[in-house]
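K.L.:
below is the sequence, then the predicted model.
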Amino acid sequence: MTNAEIAATFDQVADLLEFKGENPFRVRAYRNAARTIGDQPRQVAEILADPQAKLTDIAGIGKDLAEKIQALVDTRKLPMLEELLSEIPESVLAMLRIPGLGPKRAAVLYRELGVTTLDELREACQSHRVQELKGFGAKMEATILDGIGIASEAGQRFLWAEADQFVQDILAYMRPAKAVARIEPAGSYRRGKETVGDLDFLVVADHPAAVMDHFAAYPGREHTLARGGTKMAIRLTNGCQVDLRVVAGESFGAALQYFTGSQAHNIVLRGLAKDRKMKINEYGVFRGERQIAGLTEEEVYASLELPCFPPEIREARFEFQWAEKGPLPELVALDDIRGDLHMHTTWSDGLATLEEMAEAAKRRGLKYVAVTDHSKRTMMAGGLDERRLREQWVEIDRYNARRPGITVLKGVEMDILEQGGMDLADDVLAEADWVVASVHFGQRQSRERITERIINALKNPYVCAIAHPTGRLLTRRKPYEVDLEAVLRAAREHGKCMELNAHPSRLDLDDVGCMMAQNLGVAVVISTDAHSIDGLEAMRYGVQQARRGGLTGADVANTRSWTQLKKRLGKG
DNA sequence: GCCGTTTTCGGCCCGACTGTTTTCAGTCG
């Protein structure tokens, strides 16, 4: 059983316990465990098999949860969950996705009206049986009825790049308003999460009502969900919820820290404050009644003798351990990237010529690019055979001879064949500067078989990196299954790199994958797999995800010059 | 259910908004 499956199981247990009205801290223990296991860089099955390691060493996993994880790994079953599901039908959990309807009221609906599905709930609302219940009323009934539509499409998250567009539009609308002294986006958007569920904005203003009036007139607004003295929430016509919070200037730092989260990060932070007899809220840091910080985020963290963590790592995963050890390592930044090592041209399925791609990369400040068109097996993408590849390399030589101010490397994206062999002969690979190997065919093979094929490619002396190592970039459907940890171990053994392929809509090797690579000491290459000039822009999304995974410049191979990288790869 | 320089019990982050109440519980982030 994979970490993601175990996490999903614990989340379901938490939902059911919450529904039953169990001790909220017990519920939180399951939620924490789900998050921690989901973020684990190692598969827990591996940890269980390792005599040196213990599950209870993971923060938040005690004796009981360790036993439950063991049971899940051994039997794929959890007796406790089965017991819960025999008491409560799984379908009632859908009710928890209705905004404004939590476990307490959902339990009442189930207990008093026997509602088990969203359809039954709609019927109960329409026949006005809901407003008769104690604690409910006509308004609540209407809210629920409205929310049923949302619940069926709930869980919808937006890709960061999409959310970025919404954010820029809102900022462009809000910033010129007289009432707005300052506005900043916060939340998971600011933390650079791969997907964003809703947007949070923080505003400094003297007259909150004027800000909210302006916000209420935003052209993209569909309707207002809530509005109070300092807080307002709207839904956009595209379905995205936007929260706005107005604060005074002297609380700006505390509020920005608070609304950036993550929630787990804030819980740890407030716990640390409490240990020191201090209190943190969105207005500031307090010792007794006295405010001792709040103007800036730096000040808030400094009051607890902590560094101002970059937003991307505020997930209570490793940042507090980092801070204990000393100054934070410098995370990799877009400016650190010197070359892009995966892109296509009109020689195979790219839209721009070799020269256009090189010039566009140069304008982005890159010093080198590897042109990595497909190999012959990828026929429909116009993959190159040995002869065509050598022809392309003649063109590359000719281009480089003009001293264009950027170095173009002779590369190829070579298929790992269905049977496990390489699509190109070793003699031609030996002439290449940069070979990335990838799985395009036989994606439905078993996890073991695909893992074996990739590990086999890592043994080839001319292969430099594995492209789209988790298969997420290849298809909009389910990616292939692979044992990423085994692949990374093999990469370490053979001194190879792992690619993080970035694309605005999908990323291959996510933040957790980066954490795994870092733990195992495998160098990551952030590259775009660009098929057009605009595709090169995706580098920023890749860097953002690498930062979330805690990677520094030293962890990322293409922050080095090509000369240094070549030396490291043992070439020339 | 977890955790422990207040360690085996008694804590566990904290405040805003809503709707239902008439002082507050539920929900959300």
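P.N.:
Cool, the structure landed.

K.L.:
how far away is residue A:343 from residue A:321?
P.N.:
37 Å (CB to CB, to the nearest Å). C-betas here are computed from N, CA, C, even on glycine.

K.L.:
of these two, who's got more company?
P.N.:
residue A:343 (28 against 9; other CB atoms under 10 Å).

K.L.:
what is the burial count for the closest residue to that one other than its chain neighbours?
P.N.:
Computed as CB to CB, 6 or more residues apart in numbering, the closest residue to residue A:343 that is not its neighbour in sequence is residue A:530, at 4.4 Å. Neighbour count for residue A:530, taken as other CB under 10 Å: 27.

K.L.:
residue contacts, residue A:73?
P.N.:
A:1, A:6, A:44-45, A:48 (CB atoms under 8 Å, 6 or more residues apart in numbering).

K.L.:
next, the residue nearest to residue A:343: phi, psi?
P.N.:
Note on residue A:530: its backbone torsions stand at phi -70, psi 140 [degrees, to the nearest 10].

K.L.:
so where's the stretch 401-550 of chain A uncertain?
P.N.:
Applying pLDDT under 70 to the stretch 401-550 of chain A flags the ranges A:473-478.

K.L.:
in it, what residue comes closest to DNA strand B?
P.N.:
residue A:548 (18.7 Å; CB to the nearest atom of the strand).

K.L.:
once you drop chain neighbours, what's closest to that residue?
P.N.:
residue A:511 (3.8 Å).

K.L.:
measure the one you found to residue A:192 for me?
P.N.:
9 Å.

K.L.:
give me the common contacts of the two.
P.N.:
With CB under 8 Å, 6+ apart, residue A:511 and residue A:192 have common neighbours A:545, A:548.

K.L.:
of the two, which one has the most company?
P.N.:
Using other CB under 10 Å, the more surrounded residue of residue A:511 and residue A:192 is residue A:511, with 25 against 21.

K.L.:
from memory that one sits against residue A:160, does it?
P.N.:
No. Under the criterion of CB atoms under 8 Å, residue A:511 is not in contact with residue A:160, lying 11.7 Å apart.

K.L.:
so for those two, which residues contact both of them?
P.N.:
residue A:194.

K.L.:
which residues of the stretch 151-300 of chain A fall in strands?
P.N.:
Taking DSSP state E, counting those that start in this stretch, the strands of the stretch 151-300 of chain A run over residues A:158-159, A:182-185, A:195-196, A:198-204, A:221-227, A:231-236, A:241-247, A:279-281, A:284-287, A:290-293.

K.L.:
show me what the fourth one is packed up against.
P.N.:
With contacts taken as 3 or more CB pairs under 8 Å, 6 or more residues apart in numbering; DSSP states H and E, strand A:198-204 sits against helix A:160-174, strand A:182-185, helix A:187-190, strand A:241-247, helix A:252-260.

K.L.:
closest one to residue A:106 among the ones you listed?
P.N.:
strand A:241-247 (20.1 Å; CB to CB).

K.L.:
adjacent strands (with direction) for that closest one?
P.N.:
strand A:198-204 (parallel), strand A:231-236 (antiparallel) (DSSP bridges).

K.L.:
what mean pLDDT does the longest one have?
P.N.:
Same thing as strand A:198-204. The average pLDDT within strand A:198-204 is 95.

K.L.:
what sits up against that strand?
P.N.:
A:163, A:166-167, A:170, A:174, A:180-187, A:189-190, A:211, A:240-249, A:252, A:255-256, A:259.

K.L.:
quick one: is that strand near DNA strand B?
P.N.:
Yes. Using CB under 7 Å from any atom of the strand, strand A:198-204 reaches DNA strand B at A:198, A:200.

K.L.:
and the host helix or strand of residue A:545 with helix A:160-174, angle?
P.N.:
According to DSSP states H and E, residue A:545 maps onto helix A:539-548. Interaxial angle, helix A:539-548 versus helix A:160-174 (axes from the mean of the first three to the mean of the last three CA atoms, to 10 degrees): 100 degrees.

K.L.:
now the element after helix A:539-548, going C-ward?
P.N.:
Assigned by DSSP H and E, the successor of helix A:539-548 is helix A:562-568.

K.L.:
quick check: mean pLDDT of that following helix?
P.N.:
Computed over helix A:562-568, the average pLDDT equals 92.
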